[in-house]
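Participant: Task: produce atomic coordinates for the following.
(chains A and B)
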Amino acid sequence: MEKILQIKDLELSFNTFGGEVKAIRGVNFDLYKGETLAIVGESGSGKSVTSKSIMRLLPESSAEFKNGEILFGGKDLTKLSDKEMQKIRGKEISMIFQDPMTSLNPTMPIGKQITEPLLKHQKISKPEARKVAIDLLRLVGMPKPELRMKQYPHQFSGGQRQRIVIAISLACNPQILIADEPTTALDVTIQAQILELMKDLQKKIDTSIIFITHDLGVVANVADRVAVMYGGKIVEIGTVDEIFYNPQHPYTWGLLSSMPSLDTDESKLYTIPGTPPDLLDPPKGDAFALRSEYAMKIDMEMDAPFFKISDTHKAATWLLHPDAPQVEPPLSVIERMKKFPGSRYYEGSAN
Amino acid sequence: MAEKLLEIKNLKQHFNVGKANEVKAVDGISFDIYKGETLGLVGESGCGKSTTGRSIIRLYDATDGEVLYEGESVHGKKSKKELKKFNRKMQMIFQDPYASLNQRMKVMDIIAEGIDIHGLAKDAKEREQMVFDLLKTVGLNKEHANRYPHEFSGGQRQRLGIARALAVDPDFIIADEPISALDVSIQAQVVNLLKELQEEKGLTYLFIAHDLSMVKYISDRIGVMYFGRMVELAPAEDLYNNPMHPYTQSLLSAIPLPDPNYERNRVRKSYDPASHNYAEGEDVRMREVSPGHFVDCSEREFEALKAGIIKG
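Facilitator: Coordinates of the predicted model:
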């Protein structure tokens, strides 16, 4: 498959009064054409910062690229000037933000907001842009688009506003769409509609999507591949089935166990003890070790490298080292692994 | 059945009454809350679930209907003294832990505000001790008492909100989306805390949320609201296994589950209120289809649902 975006050894820090916050500490991943890659993790794990660094939306006064590159179309995005970046932003890479209430301009009719990227990035006339905008509104399922063009954001509901934001982000047929918690502020029924819409549109225009969320249900619904982030690093990455049915990193286990499924009856929810690491002073060794009951001595000393589980699946935990002791994952995770051919708990075949 | 703690009878909450933009946020709902149970209230935004909670605790004056707490009406004319009595028994935990704590007050004073108003502490020393105990109850420690809200994380702030609600030793707590603003792993911590407190103190909860999997986890019974009406009320298990109202079915079919195989085969149902085909003036109200399972339906639908149960 064609790689459309490559992130290599990305390190990024914020310079604050308290010192240097190491928000991203060596992130590597590729994005393939037409796929949806979900990035999950707690707040503060660096998932939003990663996406914003691709778009170069972080304040230059405090955010600083320390190392690594973001390769897109033969260019390293970390090195581009503001002017060059403006040609890419909104045209080839665009973004859907979390809160549709605040990401639209309340003083501008929505028609004008949708035509804005068209007029900026494509050489077309205003009437033409208007026509494209109406088509876009129709595409995202807005009834009576001609009339709606003149209305202001406050005249739309939350779900409709998110549709408008999606229309704007799709205006120039971007190659990459970054969706940062696009449905978190919406109701489940509206969320389901928006997710279906995004999947539909992806089929139609073959965009690659980076989907950032902390809702694992949404991930299971939209993602082809999943990257789990913790403490500014990716700790596990694999296809959606590999992450949900054959997770290997203790943090992924914790995440999957702390969500109640509709058929659980446990009297107590599993919680990951402790708090996320302080990235002002990142811990030595594996950042998750202090909160992990599976931590070994080496976790406190040295950060684990990636161990390969399959061609598409790798995890950064010492538990996968050949010399590591065999440990039992939490019960709910074993339940999941029973469904995955190739895991040691698989129940489908003879062994 | 257990003792009724609260009876809500035909509660209506309309805004802008008599104007063109009149909103019937809550339009005649009735239900009971039993002692020691958790009643979950779900529905999409704008369906009136928060308004219901706020009317029950009298943050709004109800347009019509009654809220009876242990047989006594919450609304209507009341002296300051009588109101105080109610306020001690009923407390609220708010959605946004960032906006619901006064940033200019120290934790000590935020939590002790209720203690002061109700005169529950004899002297400053006892007041301090009470706050320390409350902090301990919610999993914080007494060093936190001298800090300001901004020094806490979202989950910790929600713990402060819970401590504040517990300060006056209430029997009934309305939790209005207490976990919506929190991270998944933190959500589990707060839900566990609420459950522990309920066991310890025999609290009764009205738990308002739109996250259905969490609601099912914490609730004994669940009410589903749609456009100011309650459309279905049933024991939690029953509601999930056998949703009867088409809106409930649509809502349940929209929840994404952390299970890719399930998600690939999921069929989403949509709900169209017109599908009921109610005749003009048809008597649509809550009817008990099976024991404890109420559905908002017409006589005709009621018969059909009952027939369905016997068959199924």
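Participant: so what's the residue of the stretch 51-200 of chain B found nearest chain A up against?
Facilitator: Of all residues in the stretch 51-200 of chain B, B:Ala188 sits closest to chain A, at 4.1 Å by C-beta to the nearest C-beta. No exception for glycine: its C-beta is placed from N, CA and C like everyone else's. Applying C-beta atoms under 8 Å, 6 or more residues apart in numbering or on different chains, we find B:Ala188 in contact with A:Ser258, A:Met259, A:Pro260, A:Leu269, A:Tyr270, A:Thr271.
Participant: Could you measure from it over to B:Glu200?
Facilitator: Distance, B:Ala188 to B:Glu200, by C-beta to C-beta, to the nearest Å: 19 Å.
Participant: same thing with B:Met214?
Facilitator: B:Met214 sits at a distance of 21 Å from B:Glu200 (criterion: C-beta to C-beta).
Participant: can you list the residues of the stretch 251-351 of chain A near chain B?
Facilitator: The stretch 251-351 of chain A has residues A:254-256, A:258-262, A:264, A:268-272, A:275, A:339 near chain B, with proximity defined as C-beta under 8 Å from any C-beta of the partner chain.
Participant: Tell me which residues of stretch B:129-139 come out buried.
Facilitator: Buried residues in stretch B:129-139, defined by neighbour count with 16 or more other C-beta atoms under 10 Å in any protein chain shown: B:Met130, B:Val131, B:Phe132, B:Leu134, B:Leu135, B:Thr137, B:Val138, B:Gly139.
Participant: Out of these, which comes closest to A:Tyr294?
Facilitator: Top of the list for closeness to A:Tyr294, among the buried residues of stretch B:129-139 and by C-beta to C-beta, is B:Gly139 at 23.8 Å.
Participant: Now the phi/psi pair for that closest one, please.
Facilitator: Backbone torsions of B:Gly139, given as degrees, to the nearest 10, read phi 80, psi 20.
Participant: Now for A:Gln155, how many residues are close by?
Facilitator: Applying other C-beta atoms under 10 Å in any protein chain shown, we find 12 residues neighbouring A:Gln155.
Participant: Look at it and report its pLDDT.
Facilitator: What the model reports as pLDDT for A:Gln155 is 89.
Participant: Next one: A:Leu186 from chain B, what distance?
Facilitator: Distance, A:Leu186 to chain B, using C-beta to the nearest C-beta, to the nearest Å: 8 Å.
Participant: same question, A:Phe17
Facilitator: Taking C-beta to the nearest C-beta, one finds A:Phe17 at 15 Å from chain B.
Participant: Neighbours of that residue, how many?
Facilitator: Quick note: A:Phe17 (other C-beta under 10 Å) scores 4 neighbours.
Participant: Check the one 5 residues further on too.
Facilitator: Here the count is done by other C-beta under 10 Å, and A:Lys22 has 22 residues near it.
Participant: now the strands for the chain?
Facilitator: Because you didn't say which chain, this covers chain A. Assigned by DSSP state E, the strands in chain A fall at A:3-16, A:19-32, A:36-40, A:63-72, A:75-76, A:93-96, A:176-180, A:208-212, A:225-230, A:233-239, A:307-308, A:314-315.
Participant: Correction: the question concerned chain B.
Facilitator: Ranges of strands in chain B, per DSSP E, are B:4-15, B:23-34, B:38-42, B:64-69, B:72-73, B:90-93, B:172-176, B:204-208, B:221-226, B:229-235, B:285-290, B:293-297.
Participant: Could you export those as JSON lines, including mean neighbour count and mean pLDDT?
Facilitator: Shown next, in JSON lines, are these (neighbours: other C-beta atoms under 10 Å in any protein chain shown; pLDDT from 0 to 100):
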{"stretch": "strand B:4-15", "mean neighbour count": "18", "mean pLDDT": "92"}
{"stretch": "strand B:23-34", "mean neighbour count": "20", "mean pLDDT": "91"}
{"stretch": "strand B:38-42", "mean neighbour count": "26", "mean pLDDT": "94"}
{"stretch": "strand B:64-69", "mean neighbour count": "18", "mean pLDDT": "91"}
{"stretch": "strand B:72-73", "mean neighbour count": "14", "mean pLDDT": "88"}
{"stretch": "strand B:90-93", "mean neighbour count": "23", "mean pLDDT": "93"}
{"stretch": "strand B:172-176", "mean neighbour count": "24", "mean pLDDT": "94"}
{"stretch": "strand B:204-208", "mean neighbour count": "25", "mean pLDDT": "95"}
{"stretch": "strand B:221-226", "mean neighbour count": "25", "mean pLDDT": "94"}
{"stretch": "strand B:229-235", "mean neighbour count": "24", "mean pLDDT": "94"}
{"stretch": "strand B:285-290", "mean neighbour count": "17", "mean pLDDT": "90"}
{"stretch": "strand B:293-297", "mean neighbour count": "22", "mean pLDDT": "92"}
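Participant: which stretch among the ones you listed comes nearest chain A?
Facilitator: Nearest to chain A, of these and by C-beta to the nearest C-beta, is strand B:38-42 at 9.1 Å.
Participant: Check what pLDDT whichever residue of chain B sits closest to chain A gets.
Facilitator: In chain B, the residue that lies nearest chain A is B:Pro256 (3.3 Å; C-beta to the nearest C-beta). Looking at B:Pro256, its pLDDT stands at 85.
Participant: With distance to B:Gly53 as extra columns, can I get the strands of chain B in CSV?
Facilitator: Converted to CSV, those look like this (distance: least, C-beta to C-beta, whole Å):
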stretch, distance to B:Gly53
strand B:4-15, 11
strand B:23-34, 10
strand B:38-42, 7
strand B:64-69, 11
strand B:72-73, 17
strand B:90-93, 7
strand B:172-176, 5
strand B:204-208, 5
strand B:221-226, 11
strand B:229-235, 13
strand B:285-290, 19
strand B:293-297, 19
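Participant: Adding distance to chain A as columns, could you present these in TSV?
Facilitator: Below are the strands of chain B laid out as TSV (distance: least, C-beta to the nearest C-beta, whole Å):
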stretch	distance to chain A
strand B:4-15	18
strand B:23-34	15
strand B:38-42	9
strand B:64-69	26
strand B:72-73	33
strand B:90-93	18
strand B:172-176	16
strand B:204-208	13
strand B:221-226	10
strand B:229-235	13
strand B:285-290	20
strand B:293-297	18
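Participant: Thought A:Ser13 was touching A:Gly68, still the case?
Facilitator: No: A:Gly68 lies out of contact with A:Ser13 (C-beta atoms under 8 Å); the separation is 11.9 Å.
Participant: Using CSV, lay out the strands of chain A together with distance to A:Ser332 and mean pLDDT.
Facilitator: Putting the strands of chain A into CSV (distance: least, C-beta to C-beta, whole Å; pLDDT from 0 to 100) gives the following:
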stretch, distance to A:Ser332, mean pLDDT
strand A:3-16, 32, 94
strand A:19-32, 27, 92
strand A:36-40, 17, 95
strand A:63-72, 36, 94
strand A:75-76, 42, 93
strand A:93-96, 32, 93
strand A:176-180, 28, 94
strand A:208-212, 24, 95
strand A:225-230, 16, 95
strand A:233-239, 17, 95
strand A:307-308, 23, 94
strand A:314-315, 18, 95
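Participant: circling back to that earlier point, if I look at the residue of chain B closest to chain A, how far off is A:Val188?
Facilitator: 8 Å.
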